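A.B. asks: how does the following fold in three dimensions:
(chains A and B, ligands or ions: 2)
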Number of protein chains: 2
Amino acid sequence: MRSGTMPVIELIPAREAKPKPPADRLGFGRHFTDHMFVMDYEEGRGWHSPRIVPYQPIALDPSAMVLHYAQTVFEGLKAFRSADGRIRLFRPEMNIKRLNRSCVRLSIPPVDEQLALEAIRKLVETDSGWVPGEAGTSLYIRPFIIATEPHVGVAPSSTYLFLIIMSPVGAYYAEGLKPVSIMVETRDVRAVPGGVGDAKTGGNYAASLRAQQEAKKYGSSQVLWLDGVHRRYVEEVGSMNVFFKVDGTVVTPELGGSILDGITRNSVLRLLQQWGVKAEERRISIDEIEEAHRDGRLEEAFGTGTAAVISPIGELVLGGRKLAVNGGEIGPLASKLYETLTGIQYGRIEDPFGWMMDVLQ
Amino acid sequence: MRSGTMPVIELIPAREAKPKPPADRLGFGRHFTDHMFVMDYEEGRGWHSPRIVPYQPIALDPSAMVLHYAQTVFEGLKAFRSADGRIRLFRPEMNIKRLNRSCVRLSIPPVDEQLALEAIRKLVETDSGWVPGEAGTSLYIRPFIIATEPHVGVAPSSTYLFLIIMSPVGAYYAEGLKPVSIMVETRDVRAVPGGVGDAKTGGNYAASLRAQQEAKKYGSSQVLWLDGVHRRYVEEVGSMNVFFKVDGTVVTPELGGSILDGITRNSVLRLLQQWGVKAEERRISIDEIEEAHRDGRLEEAFGTGTAAVISPIGELVLGGRKLAVNGGEIGPLASKLYETLTGIQYGRIEDPFGWMMDVLQ
Ligand SMILES: Cc1ncc(COP(=O)(O)O)c(C=O)c1O
Ligand SMILES: Cc1ncc(COP(=O)(O)O)c(C=O)c1O
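C.D. replies: Residues are numbered from 1 along each chain as shown, chains lettered A, B, ... in the order given. Ligands and ions are numbered 1, 2, ... in the order given. Presented below is the predicted three-dimensional model:
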């Protein structure tokens, strides 16, 4: 898609600015900024009329396809405010590429990557006052596409809306990096090769809700998914990819078509490579992990994702039994990765990979 | 759930009746009646305020959970007009029970079954002028529930909307029962045990769109799904369950957790039992079907579902090869089932099972 033809993004400013919630009460995804980005798609005409408008409800015909057949894709990324006041995005082009990969799987027409990037940039610029500056806070950005054709019939929609909304989010670890308990899920399955597990689409998350509720009963905050074919190989954790350190080697499940190609996962692998830490992308079974734990070789476990960046796993709940990882404490590798990634994101340390993109021009 | 506490369904009539499309241009799910049913759910308060209101767009916050995490379930059933003018529903209580089973899988609060049944009945009564009377036409009824909480975070919603919309639909086989071509899908997978394949929820349909588009390239109207674990066992067809007649025995895939428990499927099994036709619910592999075809033992194949009732399969496309079933003609069993089921539905023949429910009281 050529940039020469990139349409201008119109701006219809909000009449009034909403009151901003205090930094210690932000939570996650509960408050939304003053503006949102909208673009329409119609068969024959393509994507058109990109615009930034006041944040407002959208009117959908009750037969709109997204409400029935879940033809939808989304993304999640963050804008960070540095100590010097700069506002920057973390690898946004990766999110847009992944959005378009998700589109292909869901039979949704892809968006112009440069236009989508500019839409994110300009929206953050417009609502730059909403990027919080307190330690650990950020602005969460949610691009998504929904099928809007008023038609009750299973077929790709002929019309879509591409929206971007944004939410200031609080520090994920208000009291410092804290290990979580994760339940290994043995009944429900999230995704299977040939399905939509490697796309960021609603159905995957809908399928995960029941197990997540069950996990809470065991005191776990999330579930660790096993593969849907053998019911043995580790997949991912809730909204995170997962890493294990066994015998000094870092192992993360390979991208086999049923898990998300996480941008934090990719960044962690790049950092480990740079640091000379041995890392493997391969199948890893829950038995292998249990065995390593029994033999005292399971050194660390952690999740990676945009929301938490790094989430140390202090406990695995497996068939009712509780396996403590690293004595329930944060491991040194998880800690170093967290400090490095957030250091780059908040501009505290150098950005050797050119991952950060300035929002203000 | 007790009927003693059943709330009254309020009726807010539409000011104007919309023009009704001509019977030969109805299509499927393109036109909607004058009214819709709405009911709200809030955590703590439960389902409340059931009402019939003019058909109208619904306003959703752009962060409404259904748009991101596809937390939604739906149903599909029909109202039929008999020659004597009566309007009747086909086994509606089965749809409501299935809706609630889908709710459990999707962590959605179930609805009161009697209230839901009365909502359907009263809505059809309100828009009874929309039930077409021409041969093969009917009124398609779409109950559905969507998660509406304005929250970008993966968790069950705390608020929901239950809606029922209705669409007059044309004769599925305008020129008489016609065999279809079906492509056996070998790349994409629709569902897997432990997933949501036995729930009627958007994600299953989103996952099916790409393969369905591919099938069109081969001249097939739908795909035949294989199981996601072994990639060998037959599951179902698009929005239909599937039956094969091999060596005089009717075989349909067993309900193993990854396919929908179809109401037409159930009705067909009941009829076969009554007729003394040998029928088996079991795993059946695509190899077994291919072999039966090769040996001339594959007598018939057909799909079953609310939309088409019975859809004879005249051809299976398997790895590019085309296997004709019953010489591409409608088989006698498919034909008899179609005549019997539609006969019961339109009141042309007796209803021995008490399947039909009168709408007008
Ligand atoms: C299912 C799933 N896996 C993994 C991730 C982590 O991906 P990323 O690091 O790009 O945020 C996410 C969140 O985006 C997710 O939803
Ligand atoms: C996936 C799927 N399988 C089977 C069916 C057939 O079910 P029923 O006979 O209840 O319409 C449907 C349609 O409802 C469906 O969507």
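
A.B. asks: who touches stretch A:21-32?
C.D. replies: A:20, A:55, A:132, A:134, A:137, A:140, A:142, A:165-170, A:172, A:174, A:307, B:62-63, B:150-153 (Cβ atoms under 8 Å, 6 or more residues apart in numbering or on different chains). For glycine as for every other residue, the C-beta is placed from the backbone atoms N, C-alpha and C.

A.B. asks: out of those, list just those in strands.
C.D. replies: By the criterion of DSSP state E, membership of the contacts of stretch A:21-32 in strands covers A:140, A:142, A:165-169.

A.B. asks: near chain B, list only the ones from those.
C.D. replies: Checked against chain B using Cβ under 8 Å from any Cβ of the partner chain, these yield the following neighbours: A:140, A:142, A:165, A:167.

A.B. asks: looking at those residues, which is nearest residue A:93?
C.D. replies: residue A:142 (16.8 Å; Cβ to Cβ).

A.B. asks: contact partners for the closest one?
C.D. replies: Applying Cβ under 8 Å, 6+ apart, one finds that residue A:142 lies in contact with A:29, A:74-76, A:164-167, B:63, B:68, B:152.

A.B. asks: for residue A:104, see how far away it is.
C.D. replies: Note on residue A:142: its distance to residue A:104, by Cβ to Cβ, to the nearest Å, is 20 Å.

A.B. asks: kindly report the same for residue A:269.
C.D. replies: For residue A:269, the distance to residue A:104 equals 24 Å [Cβ to Cβ].

A.B. asks: ok, these two, which is more surrounded?
C.D. replies: Under the neighbour definition other Cβ atoms under 10 Å in any protein chain shown, residue A:269 and residue A:104 were set side by side, and residue A:269 has more, 20 against 13.

A.B. asks: close enough to count as contact, that one and residue A:278?
C.D. replies: No. Assessed by Cβ atoms under 8 Å, residue A:269 is found out of contact with residue A:278, at 11.5 Å.

A.B. asks: wait, isn't residue A:258 in contact with residue A:199?
C.D. replies: No. No contact is recorded between residue A:258 and residue A:199 when judged using Cβ under 8 Å, the distance being 10.4 Å.

A.B. asks: now residue A:103: which helix or strand?
C.D. replies: helix A:92-105 (DSSP states H and E).

A.B. asks: what mean pLDDT does that helix have?
C.D. replies: Per-region confidence: helix A:92-105 scores 98 on mean pLDDT.

A.B. asks: could you export it as PDB, CA atoms only?
C.D. replies: Presented in PDB, the C-alpha positions along helix A:92-105 are these (Å, rounded to 0.1, in the frame of the first residue of the first chain):
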ATOM      1  CA  PRO A  92       3.700   0.100  17.000                       C
ATOM      2  CA  GLU A  93       4.500  -1.200  13.500                       C
ATOM      3  CA  MET A  94       4.600  -4.700  14.900                       C
ATOM      4  CA  ASN A  95       1.000  -4.300  16.200                       C
ATOM      5  CA  ILE A  96      -0.200  -3.100  12.800                       C
ATOM      6  CA  LYS A  97       1.500  -5.900  11.000                       C
ATOM      7  CA  ARG A  98      -0.100  -8.400  13.400                       C
ATOM      8  CA  LEU A  99      -3.500  -6.700  13.000                       C
ATOM      9  CA  ASN A 100      -3.300  -7.300   9.300                       C
ATOM     10  CA  ARG A 101      -2.300 -10.900   9.800                       C
ATOM     11  CA  SER A 102      -5.300 -11.300  12.000                       C
ATOM     12  CA  CYS A 103      -7.400  -9.700   9.300                       C
ATOM     13  CA  VAL A 104      -6.400 -12.300   6.800                       C
ATOM     14  CA  ARG A 105      -7.400 -15.200   9.100                       C
END
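
A.B. asks: which elements pack onto that helix?
C.D. replies: Counting contacts by 3 or more Cβ pairs under 8 Å, 6 or more residues apart in numbering or on different chains; DSSP states H and E, helix A:92-105 packs against strand A:72-74, helix A:113-126, strand A:138-147, helix A:263-275.

A.B. asks: and the angle for that helix with helix A:113-126?
C.D. replies: Here helix A:92-105 runs at an angle of 130 degrees relative to helix A:113-126 (axes from the mean of the first three to the mean of the last three Cα atoms, to 10 degrees).

A.B. asks: helix A:92-105 near ligand 1 at all?
C.D. replies: No. Counting by Cβ under 6 Å from any ligand atom, ligand 1 has no neighbours in helix A:92-105; the shortest distance is 7.1 Å.

A.B. asks: what lies in contact with that helix?
C.D. replies: Taking Cβ under 8 Å, 6+ apart as the rule, helix A:92-105 contacts A:73-77, A:108-111, A:113, A:116-117, A:120-121, A:143, A:145, A:196, A:198-201, A:261, A:263, A:266, A:357, B:210.

A.B. asks: repeat that with 6 Å
C.D. replies: Helix A:92-105 is contacted from outside by A:73, A:75, A:77, A:110, A:113, A:116-117, A:120, A:196, A:199-201, A:263, A:357, using Cβ atoms under 6 Å, 6 or more residues apart in numbering or on different chains.

A.B. asks: and which of those is nearest to chain B?
C.D. replies: residue A:196 (4.8 Å; Cβ to the nearest Cβ).

A.B. asks: once you drop chain neighbours, what's closest to the closest one?
C.D. replies: Setting aside the residues directly before and after it, residue A:196 is nearest to residue B:207 in space (Cβ to Cβ, 6 or more residues apart in numbering or on different chains), at 4.8 Å.

A.B. asks: before we move on, what about residue A:180?
C.D. replies: Ranked by Cβ to Cβ, 6+ apart and with sequence neighbours excluded, the top spatial neighbour of residue A:180 is residue A:221, at 4.9 Å.

A.B. asks: is it true that that neighbour touches residue A:182?
C.D. replies: No. Using Cβ atoms under 6 Å as the test, residue A:221 is too far from residue A:182 to be in contact (7.3 Å).

A.B. asks: between these two, which is the more surrounded one?
C.D. replies: residue A:182 (28 against 15).
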